[in-house]
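Chemist: what's the 3D shape of this:
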Amino acid sequence: MTTKRKFGSAAAIGAPIAAFVLLAGSSAVSADELADLRANQELLQKRIDQLSQAPPQAAPYVPGFGPETHKEVAGVTAVGGSFPRSFLIPGTDTSLRIGGFVNGSVLWYIKGAAPGGQLDSQGGNPNTTFTDGQGGTGNLGSIPLNNAIGNGGRSATTFISPKQSRFLVDARTPTAWGEAKAYIEWDFSYNNTNVIQSNAQGVTSSWLPRLRKAYGTLGGLEAGQDTGILHDPDADPELVDFGGEATGNGRSRAPQVKYTYAGPYGTVFNVGIEQNVPRLNGPFGQADIDTNQIPTTAACSVTANNTTGTPATTACLGNAAFFSPLQTTWPELIGTARVNQPWGHLQIGGVIRTDRLTDNQGLDQRFVGYGGSISGDAHPFAGAPGALGKDDLGFSLTAGTEMAGQIANGMGIVTNFGAPINVPGVGFVNPLSGPFSSAWNARDSSQSLSCPTPNSGACINGINVRSAYDRLVRSQSPQSYGGTVWYQHWWAENLRSTLEVSGIWNAMNTNIIPQGTTNNKLLSITHANIFWSPVAFIDFGAEYGWGHRVTVANFKGDAYTLQGEMRVRF
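Modeler: Alright, predicted model coming up:
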């Protein structure tokens, strides 16, 4: 209903009331009092006429989208929902929003693109198993090292991609138990081939929808997949690079169950559990729990693909995946406390988690990981007129023992499982590959029976090789320290820039992991960008990035990128 209609109704109601008062009290009211009443009525009518001609009030402004609008269709009144950019489903109490954005990204690796599998692992095409960018979840951990053959000429490439485009549905309904919410979000950043860019990906595209978030809430209770409990998205910088910072607190997204309580003075408390994802760092690099084929897959021997050797139907899996002894046990317990204020916010959090190594033979090792985080942001010129008042300074610091993915690019258990170990009475044994792998399944001529269960396996000189090997496996919990700091400056209401620096240091025992491995002890990255929003829901961005990588063997690598994007939200 417009402002004019509202004041018209007020006039229609007010006039009879005034007339009724005049008639009811005419016998007792003097001429002067009657004149005063008539004068007041005339002033009231003039004010109503003025207000009826005033322009309608501006709709509420939605950050990132501009003023909210509801177009009226003839005969149908558009009813806004309970939250920005939503509408009320007719005949229900449910407010629904359908939204998302289309994103086009152009990424140019000046130097430092992760090598492909061709040319003896020196291929130069972009590795589409990564996200669009060289950040922490992108190319950063795989930058070619200075001792690599193809570190120079073939580490430059260009990649144009729309796969970060996103679609979401958000439905909210009031109940006696609090608001009920159902939220689901997809993008197209899943690669169904898990290999280097193919012709199909480059020409017709084979990106598949990927579930980012899907959760439900009832009051303060939430279950499903959402932003990690420890993570603080309000302390993240605005970047073009979808790989993000070198590190961060908590997981970007994780299956979880949590409860949120809003306390006094702007405080918010979260406690919950997340799906445990164990991690190890061993002789062949990092391995998360995973039963699928991985990019380090070695080719099968043609002569071995037979019934007596390796059947042709057997998948050739990379060593790190096939022999990973990781087991998921207890979920990860996480809690955070946060305070929101006009100047910004501050959040602290902690996590306790477990890892288990077992091969169902002689290896059974359990470890407890733990750590904490502090993060926040502040507007240093809050209250200043113009765009300067929107300037923002943010940071995050995270540290812990055996944090795995709860600190991005952090470490799990450090172990020598899979490396050649000298077993007394047997010699060097390697369960994975190489000249010592034969002892893992060997049997000398004097043995006619297998070793007793449950430790069944090869016996040499009366020694169960697998159990003896497992008893010599050494493991240890490493420490990880990560941090991010950034500043965003607003040049104008539609023009802003962000400068970000982040890094993570992993401290591991190199007496357990040989130094000649690809485990990363240092990852860092710097971003500098500029964003222009010609209208509230469209962004153009350009960004420079410099990534740096150092392994435990002190080999180094650098990557330099330029990336641009156009994003249209709806």
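Chemist: For residue 464, give the beta-bridge partners.
Modeler: residue 459 (DSSP bridges).
Chemist: Count the residues that sit near it.
Modeler: Residue 464 has 22 neighbours, counted by other CB atoms under 10 Å. (C-beta placed from N, C-alpha, C; glycine too.)
Chemist: That one and residue 324, how far apart?
Modeler: 22 Å (CB to CB, to the nearest Å).
Chemist: Also residue 206?
Modeler: Distance from residue 206 to residue 324, by CB to CB: 28 Å.
Chemist: Those two: which is more packed in?
Modeler: residue 324 (25 against 15).
Chemist: so where does that one fall, helix or strand?
Modeler: According to DSSP states H and E, residue 324 maps onto no helix or strand at all.
Chemist: And the pLDDT at it?
Modeler: Residue 324 is assigned 73 on the pLDDT scale.
Chemist: Same question for residue 206.
Modeler: 70.
Chemist: Give me the below-cutoff pLDDT ranges for the stretch 351-500 of the chain.
Modeler: Where the stretch 351-500 of the chain drops to pLDDT under 70, the residues are 432-458.
Chemist: where do the helices sit along it?
Modeler: 438-441, 465-471 (DSSP state H, counting those that start in this stretch).
Chemist: again with the chain
Modeler: Using DSSP state H, the helices of the chain run over residues 3-24, 31-52, 118-121, 199-203, 319-322, 438-441, 465-471.
Chemist: per-stretch mean pLDDT over those, give me the minimum one.
Modeler: Between these, the lowest average pLDDT goes to helix 3-24, which shows a mean of 43.
Chemist: So which other helices or strands are in contact with the top strand by length along the chain?
Modeler: Using DSSP state E, we find that the single longest strand of the chain is strand 95-111. On a contact count with 3 or more CB pairs under 8 Å, 6 or more residues apart in numbering; DSSP states H and E, strand 95-111 meets strand 87-88, strand 157-161, strand 166-175, strand 556-569.
Chemist: Show me the one of these that comes nearest residue 359.
Modeler: Taking CB to CB, strand 556-569 is the member of these nearest to residue 359, at 33.3 Å.
Chemist: Would you mark the buried spots in that closest one?
Modeler: Of the residues in strand 556-569, 557-561, 563-565, 567, 569 count as buried by neighbour count, 16 or more other CB atoms under 10 Å.
Chemist: Out of the residues you listed, name the two that are farthest from one another.
Modeler: The widest separation within these (CB to CB) is 35.7 Å, between 557 and 569.
Chemist: Show me where the stretch 251-400 of the chain has its strands.
Modeler: For the stretch 251-400 of the chain, the strands defined by DSSP state E, counting those that start in this stretch cover 254-262, 267-274, 279-282, 285-288, 326-327, 332-341, 344-358, 364-378, 392-401.
Chemist: Would you convert the ones you listed into a markdown table that also reports mean neighbour count?
Modeler: Shown next, in a markdown table, are the strands of the stretch 251-400 of the chain (neighbours: other CB atoms under 10 Å):
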| stretch | mean neighbour count |
| --- | --- |
| strand 254-262 | 17 |
| strand 267-274 | 18 |
| strand 279-282 | 25 |
| strand 285-288 | 19 |
| strand 326-327 | 19 |
| strand 332-341 | 19 |
| strand 344-358 | 20 |
| strand 364-378 | 19 |
| strand 392-401 | 21 |
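Chemist: need these in TSV with distance to residue 166, can you?
Modeler: TSV is the format used below for these (distance: least, CB to CB, whole Å):
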stretch	distance to residue 166
strand 254-262	18
strand 267-274	22
strand 279-282	28
strand 285-288	25
strand 326-327	31
strand 332-341	25
strand 344-358	25
strand 364-378	23
strand 392-401	23
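Chemist: of all these, which lies closest to residue 155?
Modeler: Comparing those by CB to CB, strand 285-288 comes nearest, at 19.5 Å.
Chemist: for the record, mean pLDDT for the closest one?
Modeler: 82.
Chemist: Tell me the neighbouring strands of that strand, and mark each as parallel or antiparallel.
Modeler: As assigned by DSSP bridges, strand 285-288 forms pairs with strand 279-282 (antiparallel).
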